[in-house]
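J.: Have a look at this prediction, sequence included:
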Amino acid sequence: MSSELTVEDAVKHYKGPGGTLVHALDGVSFTVAPGETLGIVGESGCGKSTLARLLVRLENPTSGRVLLGGTDLTALGPRAMRPYRRRVQLVFQDPYASLHPRRTVDQTLSEVLGVHGLAARGAARAARVTELMEMVGLPPRLRDRLPVQLSGGQRQRVGIARALAVEPEILVLDEAVSALDVSVQAEVMNLLVALRERLNLSYLFISHDLAMVRHISDRVLVLYLGRVAELGPWREVSDEPLHPYARSLRDAGLVPDPGLRSPSPALRGEVPNAAAPPDGCRFHPRCPLVEERCRTTEPELLELRPSHRAACHVAADAPAG
């Protein structure tokens with residue numbers, strides 16, 4: 001059974017105030033191979049969290065498809081979807097908000113095992129809880145702690161253990177380390193790398209931080225105002241970006257060392273209102289390379305280098321190499 005995840009022309013529009021239409025996603029497509037990590041990067045408001053919710057069917061797309069091993073998940077009803085929910089799990093940004101405040105670590109993990117019938121009650125379930133805690137680096141003494149009694153890093157480890165309890169093939173990590181201190185971020189990132197190799201997991205690692213995405217990803221997808229701006233190997237996207245937006249993220253100080261930050265961001269202005277996206281290239285109001293055609297004609301996502309695509313008129317006309 002294949003665990004290849006494919007998103008085909010995903011569109012998600014919401015009804016906004018006064019009957020406006022919010023363009024959260026507009027035609028996003030990509031594939032994640034088994035065992036691969038795809039980093040998804042962009043500023044707040046670019047559609048990253050909406051995409052995460054579509055991937056685990058917390059929301060349905062307005063149009064387009066999400067396929068797992070060739071099965072169209074968007075066409076499945078609740079009962080048919082149930083086994084697929086085990087295969088794709090979401091790890092949330094805020095571990096405190098995602099954990100029940102009155103359930104201990106043991107109760108949280110035991111509940112997941114019980115709901116999915118993965119371990120009998122008693123010794124078998126207790127042993128599996130212990131195994132999950134060890135897997136994410138939680139000492140046994142924390143077994144009876146409530147979320148409020150845990151540090152931020154410990155809470156996020158519980159969230160990761162809860163996701164792993166159902167033995168998934170794919171983890172969708174939505175800003176999973178952004179709420180943590182820098183030193184704790186590094187610890188959790190190293191844990192994620194180790195778990196991916198140990199369990200042969202695929203990751204969709206969503207972040208506003210290109211440095212974090214670079215640290216863990218095989219490829220990087222740059223999302224801007226609901227559209228794919230660039231998609232390619234992590235080293236090329238982070239070191240030699242084709243799209244001016246990806247270049248701006250790099251120049252804003254999102255560099256390989258998460259401890260380093262430039263004093264002032266290179267990006268100018270704010271992300272436009274998703275209820276009224278600009279005509280042409282959506283990045284053109286902020287782009288330092290803007291040309292007249294950028295204001296009127298939307299660029300296609302083209303392969304400009306081997307396995308490296310970008311949606312930019314200027315980049316498409318640039319000489320190869």
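T.: Arrived safely, thanks for sending. Just so you know, these numbers come straight off a predicted model, no measurement behind them.
J.: use CA for all of it now, contacts and neighbours both
T.: Fine.
J.: Quick check: the residue nearest to Arg268 when sequence neighbours are not counted vs Gln149, distance?
T.: Distances taken as Cα to Cα, 6 or more residues apart in numbering put Arg286 closest to Arg268, at 5.9 Å, once the chain neighbours are dropped. When distance is defined by Cα to Cα, to the nearest Å, Arg286 is 44 Å away from Gln149.
J.: which of the two has more neighbours?
T.: In this comparison of Arg286 against Gln149, neighbours counted by other Cα atoms under 10 Å, the higher total goes to Arg286 at 17 against 13.
J.: for the more buried one, what are its contacts?
T.: Counting by Cα atoms under 8 Å, 6 or more residues apart in numbering, Arg286 touches 267-270.
J.: out of the residues you listed, what pair is the most spread apart?
T.: Considering Cα to Cα, no two members of the contacts of Arg286 lie farther apart than Leu267 and Glu270, which are separated by 8.3 Å.
J.: Which one of the two is surrounded by more residues?
T.: Higher neighbour count among Leu267 and Glu270: Leu267, with 18 against 11, using other Cα under 10 Å.
J.: residues touching the more buried one, list them.
T.: For Leu267, the residues meeting the contact criterion (Cα under 8 Å, 6+ apart) are 248-249, 252, 286.
J.: Narrow those to those in helices?
T.: Where the contacts of Leu267 overlap with helices, as defined by DSSP state H, the overlap consists of 248-249.
J.: Could you identify the most distant pair in the contacts of Leu267?
T.: When Cα to Cα is used, the two most widely separated members of the contacts of Leu267 are Ala252 and Arg286, lying 13.8 Å apart.
J.: And the closest residue in space to Gly232 that isn't next to it in sequence, how close does it get to His13?
T.: For Gly232, ignoring the flanking residues on the chain, the nearest one in space by Cα to Cα, 6+ apart is His308 at 4.1 Å. Counting by Cα to Cα, the gap between His308 and His13 amounts to 28 Å.
J.: Also Ala179?
T.: Using Cα to Cα, which is the criterion applied here, Ala179 is 28 Å from His13.
J.: lowest-confidence helix or strand of the chain?
T.: Of all the helices and strands that make up the chain, helix 95-98 has the lowest average by mean pLDDT, DSSP states H and E, namely a mean of 78.
J.: Fine by me, we can end here.
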